[in-house]
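Undergrad: can you look at this prediction? I've put the sequence above it.
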Amino acid sequence: MTTLIPVRTAALVAALIAAGCASSGPHTRIDLDPAADLRSYKSFAFYEPAPGRGARYATLTTQRLRESTRAQLEKQGYVQVAPPQQPDLRVNVALQVDQKQELRSSPSGAAGPHGWRAWSGASQLETQNYRDGTLVVDLVDARRNALVWRGVAEGRVDAKAMQEPGAAIEAAVAELFEGFPNGRQQGK
């Protein structure tokens, strides 16, 4: 079962997803509008949830996701703006969690005197439940309302990452922005 989760919901689930992305070395992929010149954009702002939807406060996970994304965008030379200023880019961060099961098969048989097993041709099945998380960061041209860049990090959640969700989120977002095709990084 796949569930799409807005950024402002279920802090625990969000922490698990983001932590999982960072803990097992997330698989990342980037998609870029080839016609977009990311150097032409100067400012950004985050999308805000529609009134009356979701939590009325920012979860710790939401705050960490936004802070990590803000830091990466500022590292690229963009400036965050607040209303009434209009940004060049709108930023959306989304999380998705898939509950999955994995079946593992192992040969069955009697153990020999040295610990080896005689294969009987039959196997034992073991079921393992786990969560697979996806973190998505979208940059949208605010004037045209068109997606110009998307970073996706996917990975399995593990216990170590759940204990340190802040560091896991920071690492996953930083990995998404490695090699960001801006060319306007500060200090360069």
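TA: On my side now, so go ahead. Numbering: from 1, shown residues only.

Undergrad: from here on, contacts and neighbour counts on C-alpha atoms
TA: Noted.

Undergrad: so in terms of bridging, what pairs with Gly151?
TA: Ile30, Val137 (DSSP bridges).

Undergrad: separation between it and Leu125?
TA: Computed as C-alpha to C-alpha, to the nearest Å, the Gly151 to Leu125 distance reads 37 Å.

Undergrad: those two: who's more crowded?
TA: Gly151 (20 against 13; other C-alpha atoms under 10 Å).

Undergrad: Asp138 versus the more buried one, what's the distance?
TA: 7 Å.

Undergrad: likewise for Lys75?
TA: Lys75 is 17 Å from Asp138, by C-alpha to C-alpha.

Undergrad: which of the two has more neighbours?
TA: A direct count of neighbours by other C-alpha under 10 Å for Lys75 and Asp138 places Asp138 higher, at 18 against 15.

Undergrad: tell me the secondary structure of Pro49, please.
TA: Of the three states, Pro49 takes coil according to DSSP: H, G, I helix; E, B strand; the rest coil.

Undergrad: distance check, it against Thr59.
TA: 13 Å.

Undergrad: quick one, longest helix in this structure?
TA: The single longest helix within the chain, with elements called by DSSP state H, is helix 60-75.

Undergrad: mind listing what's buried in that helix?
TA: Within helix 60-75, the residues that count as buried by 16 or more other C-alpha atoms under 10 Å are 60-62, 64-66, 68-74.
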